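Trainee: Sequence first, predicted coordinates after that:
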Amino acid sequence: MKIFLTIVFLCFFVTVNSQAFQKNLDRNHCFAKSIASASKKYDLPVELIKAVITVESNSFSKAKGKANCIGLMQIRNGSNDYHRNIMSGKGILKHYLNKCKNDTAKALTAYNMGYTGMKRYYKKYGHASNYAKRVLKFFNLLKYSRKKL
């Protein structure tokens, strides 16, 4: 019975998430050229860029967040121009990937809370942050959906 309820819950959860996910994919399509350009320039997977955009701003180019963060990638004191915002965000993420020796979960955590914040977080908890897990979940969904096409 426990297994059955778990399966029912997962089916519901995946269906609800996939509908929201599809809306984000449609919005991400508007920024496809900038995402592809950033992917090429910084040697990052397109799916990772889209996943960060989805989690950071829900794919709204005029999003405003905490601590003066704006745009698709939620860059502090960044540009509201979506192309510049994407390029800046990917440059920052690439910097953290290099600094974290290509550990994507650590780099995403650093992108979210800064390098020092990431080090403190890992020292205290020893695992990826919820933010990094969310981005990686969308990243894997995007990779999987791309393979199916």
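Mentor: In hand now; what should we look at?
Trainee: wait, doesn't A51 sit right on F139?
Mentor: Yes. A51 sits in contact with F139 when judged by C-beta atoms under 8 Å, with a separation of 4.0 Å. Glycine gets a C-beta too; all of them are placed from N, C-alpha and C.
Trainee: the more surrounded of those two?
Mentor: A51 (24 against 21; other C-beta atoms under 10 Å).
Trainee: And the more buried one, how close does it get to F138?
Mentor: 4 Å (C-beta to C-beta, to the nearest Å).
Trainee: what's the answer for I92, then?
Mentor: I92 sits 18 Å away from F138, going by C-beta to C-beta.
Trainee: swap in S61?
Mentor: As for S61, its distance to F138 is 18 Å (criterion: C-beta to C-beta).
Trainee: Pop out the phi and psi values for L108.
Mentor: With angles defined as degrees, to the nearest 10, L108 sits at phi -70, psi -40.
Trainee: And it, how close does it get to D81?
Mentor: Between L108 and D81 the computed distance is 24 Å (C-beta to C-beta).
Trainee: Tell me which of these two has more neighbours.
Mentor: For L108 against D81, the residue with the higher neighbour count under other C-beta under 10 Å is L108, and the figures read 28 against 14.
Trainee: Might one say that L44 is in contact with A38?
Mentor: Yes. Under the criterion of C-beta under 8 Å, L44 lies in contact with A38, with a separation of 7.0 Å.
Trainee: Looking at the two, which has the bigger crowd around it?
Mentor: Using other C-beta under 10 Å, the more surrounded residue of L44 and A38 is A38, with 24 against 19.
Trainee: contacting residues around the spatially most central residue of the chain?
Mentor: Geometric centre of the chain, nearest residue: V52, 1.8 Å, by C-alpha atoms, centre = their mean. For V52, the set of contacting residues under the criterion of C-beta atoms under 8 Å, 6 or more residues apart in numbering consists of M73, G89, L93, L108, Y111, V135.
Trainee: packing partners for the helix or strand harbouring K40?
Mentor: Taking DSSP states H and E as the definition, K40 sits inside helix 32-42. Under the contact criterion of 3 or more C-beta pairs under 8 Å, 6 or more residues apart in numbering; DSSP states H and E, helix 32-42 touches helix 46-57, helix 82-99.
Trainee: Identify the residues contacting the nearest residue to G65 once chain neighbours are set aside.
Mentor: For G65, ignoring the flanking residues on the chain, the nearest one in space by C-beta to C-beta, 6 or more residues apart in numbering is Q74 at 4.8 Å. If you count contacts by C-beta under 8 Å, 6+ apart, Q74 has them with E56, S57, A63, G65, G89.
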